[in-house]
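> what follows is a predicted protein model with its sequence.
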Amino acid sequence: MRTIGGRTAACAVAAALALSACGRDGGAAGDEKAKDAGTGKVSGTVKVWAMGSEGELLGDFAKEFERANPGVRIEVTPMGMDVAHDRLVSSIAGNKTPDVSMIGSTWMGELAKTGALDPAPGNLFDKSRFFPGSWDTVQFRKTAYGVPWYVETRAFYYRKDLAAKAGVKPPATWAEARTFARALKDRAGATQGVYQNFRIDNWQEILPLVWQAGGAITGPDGKWTFDTPQMEQALAHFQSFYKDGTAPNKIDTGAFPQNFIKGQAGAFYSGPWMIYSMEKDGGKDFSAKFDVAPYPKGSAGGTSLVGGGDLVVFKGTRNRDAAWRFVQWLTDAKTQARWFTVSKDLPAVQSAWQDPALKSDPRVAVFGATLKNAKTPPPYPTWTQVGKVLERETEKVALGKQTPAEAAEAMQKGAERIGTGE
């Protein structure tokens, strides 16, 4: 999954979290009640930070909001995803935040704990309009400190031509996924039946498997629960492709996605943006050679991971009403559908999926169906650190350096040392 989770600069985090004992209004972060935003005429400048392609496209797109609201100027500052997280943390520590910012869906707990985020006004946003998993990404201690903007989830990409040659259909279960990968290698000439990411952010590969096995990564008390039979099952399934020789762990990760385009890899798991990346990189005829299927189901079903970008407003804003009204406009169903045509970002608002632009491609519809029950990691301030623990131990499993049981135990110990940050 394309992720906008970032690497945290330790000094910046320490400075920002020093603010976390109480919110900027004097209340503990997470215990606040949202104040309504004004619904009348707005004016003035709204400074917005946005990352990646969203940052590059949003400035021109926002001119429609400016035309509808004379006197308002939306000033977008684009930035790279590699620097955005630390820049936001530093801006909080130095009281130099923008009015609005896009944030990664796994950053909410860390940023909300600082007390710098303004709770989302209930009079402008109805959480029932959004995919449930996406709304979970903006919650911190039962308070919504932002609004989902766009969503991402994972599905199963596969080469239709290789599957046809091997005489197999896209897998519906874990067992079928192993059979499918072996068939593509043994009968269709793929050197890799399935490409699996076993290095950076590989927790995105593992969490859906844990949930599909009926597990959870936190218990009723909110504490981490990685050392479970379901985690072992997830890791064992992930490792099985390496044991079968259908997902080699001695390949250059930079070879992807060319290995898929060349037919060396027959399948992979990823997000919706890969549809358009494959069409661009593979050439005009490549679209007919691949398709997208739902995640193969485990014993408890086929849920996936939800991520994407959220929008937040900072308490330091001098133009609160205009800031939240701009966020409201970006999360209007019609605006979301238009944004999809510009950016290919999937709408977080469920009704936007009725627009012809989203209904016309059955591959996109696969992601829409998956989003109905997709889940997110808990919005804990320490998730980035805990995710690194999972990343390290999962790589050892892929390389055959430890068993799933050993990895699950190591994950638990590492997560307990870090804690939840609550």
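Nice, thanks for sending it over. A quick note: this is a predicted structure, and the numbers were derived from the prediction, not measured.
> output the below-cut-off pLDDT ranges for the stretch 251-400 of the chain.
Applying pLDDT under 70 to the stretch 251-400 of the chain flags residues 253.
> that one: helices as residue ranges?
258-261, 273-282, 320-330, 333-343, 356-359, 362-370, 383-398 (DSSP state H, counting those that start in this stretch).
> winner for burial among those helices?
When those are scored by mean count of other C-beta atoms under 10 Å, the highest mean neighbour count falls to helix 320-330 (a mean of 23). The C-beta positions use only the backbone N, C-alpha and C, and glycine is treated the same way.
> related to what we said a few turns ago, can I get the helices of the stretch 251-400 of the chain in JSON lines including distance to residue 224?
Putting those into JSON lines (distance: least, C-beta to C-beta, whole Å) gives the following:
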{"stretch": "helix 258-261", "distance to residue 224": "34"}
{"stretch": "helix 273-282", "distance to residue 224": "30"}
{"stretch": "helix 320-330", "distance to residue 224": "32"}
{"stretch": "helix 333-343", "distance to residue 224": "34"}
{"stretch": "helix 356-359", "distance to residue 224": "36"}
{"stretch": "helix 362-370", "distance to residue 224": "26"}
{"stretch": "helix 383-398", "distance to residue 224": "7"}
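> residue 113 is nearest to which of those?
Residue 113 sits nearest to helix 383-398 of all the helices of the stretch 251-400 of the chain, at 11.5 Å, using C-beta to C-beta.
> so what secondary structure elements neighbour the closest one?
Counting contacts by 3 or more C-beta pairs under 8 Å, 6 or more residues apart in numbering; DSSP states H and E, helix 383-398 is packed against helix 108-113, helix 203-212, helix 229-244, helix 404-418.
> buried deepest among the ones you listed, which one?
Comparing the helices and strands packed on helix 383-398 by mean count of other C-beta under 10 Å gives helix 108-113 as most buried, with a mean of 27.
> please export the C-alpha coordinates of that helix as CSV.
The C-alpha trace of helix 108-113 is given here as CSV (Å, rounded to 0.1, in the frame of the first residue of the first chain):
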residue,chain,number,x,y,z
MET,A,108,-3.5,10.8,14.1
GLY,A,109,-2.8,9.5,17.6
GLU,A,110,0.7,11.0,17.7
LEU,A,111,-0.5,14.4,16.5
ALA,A,112,-3.7,14.6,18.4
LYS,A,113,-2.0,13.8,21.7
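> same for the following helix or strand past that helix, what does it pack against?
Heading C-terminal from helix 108-113, the first helix or strand you meet, by DSSP states H and E, is helix 132-136. If contacts are counted by 3+ C-beta pairs under 8 Å, 6+ apart, helix 132-136 sits against strand 147-153, strand 306-313.
> so what touches the shortest one?
For strand 147-153, contacts defined as C-beta atoms under 8 Å, 6 or more residues apart in numbering pick out 1-2, 54, 102, 105, 120, 125, 130-131, 133-135, 137-138, 271-273, 304-311, 327, 330-331, 336, 339, 343, 345-348, 367, 370-371, 374.
> adjacent strands (with direction) for the helix or strand just after it?
Sequence-wise, the next helix or strand downstream of strand 147-153 (DSSP H and E) is strand 155-159. Here strand 155-159 is paired, per DSSP bridges, with strand 267-270 (antiparallel), strand 290-293 (antiparallel).
> of all these, which one is nearest residue 88?
Once the strands paired with strand 155-159 are compared by C-beta to C-beta, strand 267-270 is nearest, at 25.9 Å.
> that older thread, including mean neighbour count and distance to residue 248, could the helices and strands packed on helix 132-136 go into JSON lines?
JSON lines is the format used below for these (neighbours: other C-beta atoms under 10 Å; distance: least, C-beta to C-beta, whole Å):
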{"stretch": "strand 147-153", "mean neighbour count": "27", "distance to residue 248": "26"}
{"stretch": "strand 306-313", "mean neighbour count": "27", "distance to residue 248": "27"}
